[in-house]
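Novice: fold the stuff below for me.
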Amino acid sequence: MVRVSMSTKQISYSLIAALLADDPVLTDDVTAILQTSPVCNVILDFAGVGYVNSANLSLLLRLRQHLKDNDRALTIRSIQPVVWKSFVVTGLDQVFDIEK
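Specialist: Numbering: from 1, shown residues only. The predicted structure is shown next:
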């Protein structure tokens with residue numbers, strides 16, 4: 001099992017859930033999830049994220065592609081309005097599976 005923050009838990013063999021916060025937690029946790037083997041479905045809770053930058057968005061896209069290549073799913077939930085605007089402006093609201 002990969003070392004992640006206390007807010008990231010491997011729920012089962014096939015599911016990881018992460019309650020994210022602003023950087024550096026967001027970057028560290030998503031990077032750790034990318035390195036997880038075997039690849040699991042992932043739920044990212046953005047309730048604690050107040051901003052995202054282009055590097056964060058790029059990392060999320062890498063995670064999405066990695067999971068897709070391994071027939072796994074990424075779900076994002078609890079996005080704050082200011083972060084949601086970043087997804088809308090970049091068109092990523094159409095790319096990611098986002099629970100509203």
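Novice: in space, not sequence, find me the middle residue of the chain.
Specialist: The centre of the chain sits closest to residue 44, judged by C-alpha atoms, centre = their mean, with a distance of 4.4 Å.
Novice: tally of neighbours for the closest residue to it other than its chain neighbours?
Specialist: For residue 44, ignoring the flanking residues on the chain, the nearest one in space by C-beta to C-beta, 6 or more residues apart in numbering is residue 76 at 5.0 Å. No exception for glycine: its C-beta is placed from N, CA and C like everyone else's. By other C-beta atoms under 10 Å, 22 other residues sit near residue 76.
Novice: next: residue 96.
Specialist: 17.
Novice: how about it, what does it touch?
Specialist: Contacts for residue 96 (C-beta atoms under 8 Å, 6 or more residues apart in numbering) come out as 60, 64, 74, 76, 87.
Novice: so how far is residue 31 from the residue of the chain positioned farthest from its centre?
Specialist: The outermost residue of the chain relative to its centre, with distances by C-alpha atoms, centre = their mean, is residue 89 at 18.3 Å. Going from residue 89 to residue 31 by C-beta to C-beta, to the nearest Å gives 24 Å.
Novice: try residue 58
Specialist: 12 Å.
Novice: who has more neighbours out of those two?
Specialist: Under the criterion of other C-beta under 10 Å, the comparison of residue 58 against residue 31 puts residue 31 first, with 15 against 10.
Novice: contacts for stretch 26-44?
Specialist: Outside stretch 26-44, the residues that reach it (C-beta under 8 Å, 6+ apart) are 1-5, 7-8, 10, 12-18, 20, 49, 52, 55-56, 59-60, 62-63, 66-67, 70, 72-77.
Novice: neighbouring strands for the helix or strand of the chain with the lowest mean pLDDT, and are they parallel or not?
Specialist: Here the helix or strand of the chain ranked lowest by mean pLDDT, DSSP states H and E is strand 8-12, holding a mean of 76. Note on strand 8-12: by DSSP bridges, its sheet partners are strand 15-21 (antiparallel).
Novice: no more questions from me, cheers.
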